[in-house]
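> Sequence and predicted structure, then a few things I'm wondering about:
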Amino acid sequence: MGQINIIATSAFGLEACVKREAIKLGFKNIHTFDGRVEFTGNEEDIIKANLWMRCASKILIKIGEFKAVTFDELFEGAKALNWGDWITVDGKFTVTGKCVKSILMSVSDCQAIVKKAVVEKLKSKYNVPWFDETGADYTIQVSILKDIATLTIDTSGSGLHKRGYREIALEAPIKETMAAAMVELSFWNKDRILFDPMCGSGTILIEAAMIARNIAPGINRKFACEDWERIDSKLWKQARVEAYKAIDYNVMPKLYGSDIDGDAISIAIENAEKAGVDDCIQFSVLPLQKAKLMGDYGCLISNPPYGERLGELKQVEDLYKSLGNLMRTNSTWSTYIITSMEYFEKLFGRKADVKRKLFNAQIKVDYYQFYGPRPPKDWGKTE
Ligand SMILES: C[S@@+](CC[C@H](N)C(=O)[O-])C[C@H]1O[C@@H](n2cnc3c(N)ncnc32)[C@H](O)[C@@H]1O
């Protein structure tokens, strides 16, 4: 059936991270667009992308793309595609949609038209008058951008940020995909200390531990396409066995997390246990104002409160000033902070070396990166 066009969707600003992951996983014909990275591959690559991509939001299959400025064009274009290559006679197929800067702007009409077109196409393939839709899930998306309709099927099911280790959420947890990207975008590696002094449920530290130990982010969850007939369940089994074999529990990164909130720390410990990394993260209940930097050349990576809630601003401003004071106690450390506060650098007391625009749960934020010096070549060998 030839090569499959695969799309890894991405939060805005993380496309470069997703592209880097696609290259590392050996995917072919990689192209980057706003909010997505496309590549080609086979069924095993779909499994690999779902199991191993840490920063992507979802893995979709692109069934087709065509210009549509009328409902007729949308219907005929959708009907011409080979839906039966994927969707089985008992398949349950719902259609989601979005329309941006296009002549066709009624999302619900576009969804209904695509559904009708897919039904017509499948009727002719399977020679049946109707579909019970009692089988596996095939969520189709019709996405129309500047009059170009892209039709996809979602292979992931729930978003890839759902790793399976964070069942209890705190009030403002960062998405696991974003936390992984914060770590990947930093100069941290398993030989350097990593400290999150406002760690909440521990997501950044847990993601770092999983990176250090080469734990596949999707190893403990299920994906929509695991139930699909076209993707042999043996391939899934094999990929999971290989992923388990790839884990290196001998790697012992030095990871520290603290938070003023004791309940958050209890949740963080529980999450780290579920992720299989509790033995390499030390958590403690501690206000940032009392935190100390241990060792040299460490990285502080954190997602502090943003001061957006009523009455919180002054407290958060003071918190950011305290953070600046803490980091001035050891100039070998690097600091990485995500926040929506536009004058963060002023409060922190230093201009960032790099500032990257991102979106964290629809909030426009910056990822501020303050670099310490590179560790000497022989550093760490004698410690
Ligand atoms: C946005 S949340 C962090 C969420 C975290 N990244 C996660 O994955 O759950 C900010 C955290 O900062 C903590 N915090 C606020 N003030 C603090 C302080 N003075 N010292 C330490 N932690 C503080 C809060 O308790 C909260 O858990």
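Structure received. Residues are numbered from 1 along each chain as shown.

> Where does this protein get nearest to the ligand, residue-wise?
Gly200 (2.7 Å; Cβ to the nearest ligand atom). Every residue, glycine included, has its C-beta placed from N, CA and C.

> Residue numbers of this protein in contact with the ligand?
By the rule Cβ under 6 Å from any ligand atom, the part of the chain lying against the ligand is 170, 172-174, 197-201, 203-204, 259-261, 264, 287-288, 303-305, 319.

> Now, of those, which are buried?
Burial by neighbour count, judged by 16 or more other Cβ atoms under 10 Å, picks out 170, 172-174, 197-201, 203-204, 259, 261, 264, 288, 303-305, 319 from the residues of the chain next to the ligand.

> Poorly predicted segments of the stretch 201-350 of the chain, please.
Of all residues in the stretch 201-350 of the chain, none has pLDDT under 70.

> so where do the helices sit in the stretch 51-200 of the chain?
Here the stretch 51-200 of the chain has its helices, by DSSP state H, counting those that start in this stretch, at 71-79, 107-126, 176-184.

> What lies in contact with the first one?
Read that as helix 71-79. Residues from elsewhere that reach helix 71-79 (Cβ atoms under 8 Å, 6 or more residues apart in numbering): 64, 66-68, 104, 109-110, 113-114, 116-118, 120-121, 142, 144, 149, 151.

> Could you rerun that using 7 Å?
The contact list for helix 71-79 (Cβ atoms under 7 Å, 6 or more residues apart in numbering) reads 66, 68, 104, 109-110, 113-114, 116-118, 120-121, 149, 151.

> burial of Ala11, as a residue count?
Counted with other Cβ atoms under 10 Å, the neighbours of Ala11 add up to 22.

> Nearest residue to it in space, please, no chain neighbours.
Nearest non-adjacent residue to Ala11, counting by Cβ to Cβ, 6 or more residues apart in numbering: Phe359, 5.7 Å away.

> secondary structure element for the one you found?
Assigned by DSSP states H and E, Phe359 falls within strand 354-360.

> Name the residues that touch the helix or strand following that strand?
The helix or strand immediately downstream of strand 354-360 is strand 363-370, counting by DSSP H and E. Strand 363-370 has contacts (Cβ under 7 Å, 6+ apart) with 182, 185, 334-340, 344-345, 350, 352-359.

> And these, which of them are buried?
Buried among the contacts of strand 363-370 by 16+ other Cβ under 10 Å: 182, 185, 334-339, 344-345, 352, 356, 358.

> Can you lay out these as a markdown table showing distance to Ile269?
Converted to a markdown table, the buried ones among the contacts of strand 363-370 look like this (distance: Cβ to Cβ, whole Å):
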| residue | distance to Ile269 |
| --- | --- |
| Met182 | 21 |
| Leu185 | 26 |
| Ser334 | 26 |
| Thr335 | 25 |
| Tyr336 | 23 |
| Ile337 | 24 |
| Ile338 | 23 |
| Thr339 | 25 |
| Phe344 | 29 |
| Glu345 | 33 |
| Ala352 | 32 |
| Arg356 | 30 |
| Leu358 | 28 |
